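# everything below, folded, please.
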Amino acid sequence: MAIKIQMSSPNINISDQKAVCNVLKTPSLSLGPMTKIFEEKIKTYVKSNYAVAVSSGTAGLHLAMIAAGVGEGDFVITTPFSFIASTNCILYERALPIFVDVDPSTGNINPELIEEVIHDLNKDKKSDLKWLPPKIQNNRYKMGHLKAILPVHIFGQPVNMNPILNIAQKNNIVIIEDACEALGSEYKGRKVGTFGDASVFAFYPNKQITTGEGGMIVSNKKEWDLLFRSLRNQGRDEFNSWLNHNRLGYNYRLNEMSAALGISQMNRIEEILSKREQIAHWYNERLKLIDFIKTPFIHPNTTRMSWFVYIIKVIPPANRDKLMVDLLKFDIPSRPYFTPIHLQSFYQKLLGYKKGIFPITERLGEICLALPFSSTMSEDEVDFICKTLKNILSKF
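Okay, here's the model as predicted:
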């Protein structure tokens, strides 16, 4: 092809560029008016009471752990099939992830297994040990308490939230909703990000909208909103005098240039989401009849899919990793999505995880493949990718 296909490209237009340049003409480059306007934009769009801009989705998840009271030895139930940040934020507070396996069709956390975990933990007997990280199973007496559930809306598809809400309410457990991949998605007509005690969006360049780097915490709790604003700014309360700090905080501020870009992007979010939906539709139509490929499954509870990436499942005897190599011969990039968190070398060394513990997650980690995807793609590019895929897979 005349133009090299990119794995992902941000959708940046002249208005976005002007918004950033206009900030550079002002003396306010951090904690200024753009940040407040961006927060209002997200708050209004999601329909939450509060929104706090931070430097990344990871930073937002970390601060949500702190607000939830997660501390050393405590437990947080989450998924091993995710980007690693959703579990790293638990370790930042010296707490422990309790992984449960996922739904094979969506890749999202399985609510039935969450309920099973909590039932076993409440019994406080040996049956609960199987859920703990392998290296911790002989040290149960040193552990803290179950503090939170952290579901992740994988690839922009909402988690089945109703049973998780019921479980959390019944057991008085906090929900931290990782919506970093799902801005605009809807579960049963309700936008994701409105189910958790706190929820986090991210705006990395491959996300639905981008601020370069950046994130947003949304919640309906005023006390948490005030805490997030303090924690992101080195522990200073907003009403404090200069350089007074009430708690341990962090430099998790979002700069004004990024906030201005976010405002400009939010002004056309529906256009961007529609373009992403169109790209996904082109892929679906061209790939649905190709052998050895499964196109993305959209759950009936998903009343709107906000496409983050386009993931196919490569079915044996076709081999996902070989397919990646073959695609690259035609200058078509692709990526495995995801390498399971528990099989990352750091987590294996630290917590003793091995292959075989979460078979569905591990299977998805072997067959899921992300194809080039962004709202800037052309139909010709999608057509070329799909025809190339078909030719390669016809050998099987």
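# show me where the stretch 51-200 of the chain has its helices.
57-67, 85-92, 111-123, 161-171 (DSSP state H, counting those that start in this stretch).
# now do the stretch 201-350 of the chain
Counting by DSSP H, counting those that start in this stretch, the helices of the stretch 201-350 of the chain are 222-231, 256-266, 269-287, 320-328, 345-351.
# list the buried residues of the longest one.
Applying a neighbour-count criterion of 16 or more other Cβ atoms under 10 Å, the buried positions in helix 269-287 are 269, 272-273, 275-277, 279-280, 282-283, 286-287. In short, each C-beta sits where N, CA and C put it, glycine included.
# re the thing from before, any chance of the helices of the stretch 201-350 of the chain in a markdown table, with mean pLDDT and distance to residue 163 too?
Formatted as a markdown table, those follow (pLDDT from 0 to 100; distance: least, Cβ to Cβ, whole Å):
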| stretch | mean pLDDT | distance to residue 163 |
| --- | --- | --- |
| helix 222-231 | 97 | 24 |
| helix 256-266 | 98 | 32 |
| helix 269-287 | 98 | 27 |
| helix 320-328 | 98 | 31 |
| helix 345-351 | 97 | 27 |
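# for residue 121, which of those is the nearest?
helix 345-351 (17.2 Å; Cβ to Cβ).
# to the chain's geometric centre, what's the distance from the closest one?
Computed by Cα atoms, centre = their mean, to the nearest Å, the chain-centroid distance of helix 345-351 equals 21 Å.
# tell me the first helix or strand C-terminal of that helix.
The helix or strand immediately downstream of helix 345-351 is helix 359-367, counting by DSSP states H and E.
# quick one: buried residues of that next one?
Using 16+ other Cβ under 10 Å as the test for burial, helix 359-367 gives 360-367.
# can you check stretch 187-194 too?
Those would be 187, 191-194, for stretch 187-194 by 16+ other Cβ under 10 Å.
# first to last residue in it, what's the distance?
End-to-end span of stretch 187-194 (Cα to Cα, to the nearest Å): 10 Å.
# off-centre distance for it?
15 Å.
# least reliable of the helices of the stretch 51-200 of the chain going by mean pLDDT?
Here the helices of the stretch 51-200 of the chain differ in mean pLDDT, and the lowest is helix 111-123 at a mean of 93.
# now do it: which elements does it pack against?
Helices and strands touching helix 111-123, by 3 or more Cβ pairs under 8 Å, 6 or more residues apart in numbering; DSSP states H and E, are strand 75-78, strand 146-150, helix 161-171.
# which parts of that helix are buried?
Neighbour counts using 16+ other Cβ under 10 Å place 111, 113-115, 117-118, 120-121 of helix 111-123 among the buried residues.
# what does stretch 289-306 give?
Those would be 290, 292-296, 299, 301-302, 304-306, for stretch 289-306 by 16+ other Cβ under 10 Å.
# of all pairs in these, which one is the farthest apart?
Greatest spacing in these, by Cβ to Cβ: 292 and 304 (29.4 Å).
# can you count the residues close to the residue lying closest to residue 6 once chain neighbours are set aside?
Leaving aside its chain neighbours, residue 6 sits nearest to residue 372 (6.4 Å; criterion: Cβ to Cβ, 6 or more residues apart in numbering). Other residues near residue 372 come to 23 when the count uses other Cβ atoms under 10 Å.
# so residue 372 sits right up against residue 8, yeah?
Yes. Contact criterion Cβ atoms under 8 Å: residue 372 and residue 8 qualify, at 7.1 Å.
# right, and residue 358 touches residue 101 too?
Yes. In this structure residue 358 lies within contact range of residue 101 using Cβ under 8 Å: 4.6 Å.
# name the residues contacting each of the two.
When contacts are counted by Cβ atoms under 8 Å, 6 or more residues apart in numbering, the set common to residue 358 and residue 101 consists of residue 80.
# quickly list what residue 370 is bridged to.
On the basis of DSSP bridges, residue 370 is bridged to residue 311, residue 335.
# coming back round to it: quick one: which of the helices of the stretch 201-350 of the chain is nearest residue 136?
Closest to residue 136 of those is helix 345-351 (Cβ to Cβ; 6.9 Å).
# okay, buried residues for that closest one please.
Under the neighbour-count criterion of 16+ other Cβ under 10 Å, helix 345-351 has 347, 351 buried.
# any low-confidence regions in the stretch 51-200 of the chain?
Along the stretch 51-200 of the chain, the model assigns pLDDT under 70 to residues 124-128, 139-142.
# redo that, cut-off 80
Scanning the stretch 51-200 of the chain for pLDDT under 80 picks out the ranges 123-129, 138-143.
# buried ones in stretch 46-64?
Buried residues in stretch 46-64, counting neighbours by 16+ other Cβ under 10 Å, are found at 46, 48, 50-64.
# take that stretch, keep the C-alpha atoms, and write them as PDB.
What follows is stretch 46-64, C-alpha atoms only, in PDB (Å, rounded to 0.1, in the frame of the first residue of the first chain):
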ATOM      1  CA  VAL A  46     -20.800  10.400  32.100                       C
ATOM      2  CA  LYS A  47     -23.500  11.900  34.400                       C
ATOM      3  CA  SER A  48     -21.500  11.700  37.600                       C
ATOM      4  CA  ASN A  49     -21.500  14.300  40.500                       C
ATOM      5  CA  TYR A  50     -17.700  14.800  40.500                       C
ATOM      6  CA  ALA A  51     -14.700  14.400  38.200                       C
ATOM      7  CA  VAL A  52     -11.000  14.900  39.000                       C
ATOM      8  CA  ALA A  53      -8.400  15.000  36.200                       C
ATOM      9  CA  VAL A  54      -5.100  13.200  36.900                       C
ATOM     10  CA  SER A  55      -1.900  12.500  35.000                       C
ATOM     11  CA  SER A  56      -2.900   8.900  33.900                       C
ATOM     12  CA  GLY A  57      -5.500   6.200  34.300                       C
ATOM     13  CA  THR A  58      -2.900   4.400  36.400                       C
ATOM     14  CA  ALA A  59      -2.700   7.400  38.700                       C
ATOM     15  CA  GLY A  60      -6.500   7.500  39.000                       C
ATOM     16  CA  LEU A  61      -6.700   3.800  39.900                       C
ATOM     17  CA  HIS A  62      -4.000   4.300  42.600                       C
ATOM     18  CA  LEU A  63      -5.800   7.100  44.200                       C
ATOM     19  CA  ALA A  64      -9.100   5.100  44.100                       C
END
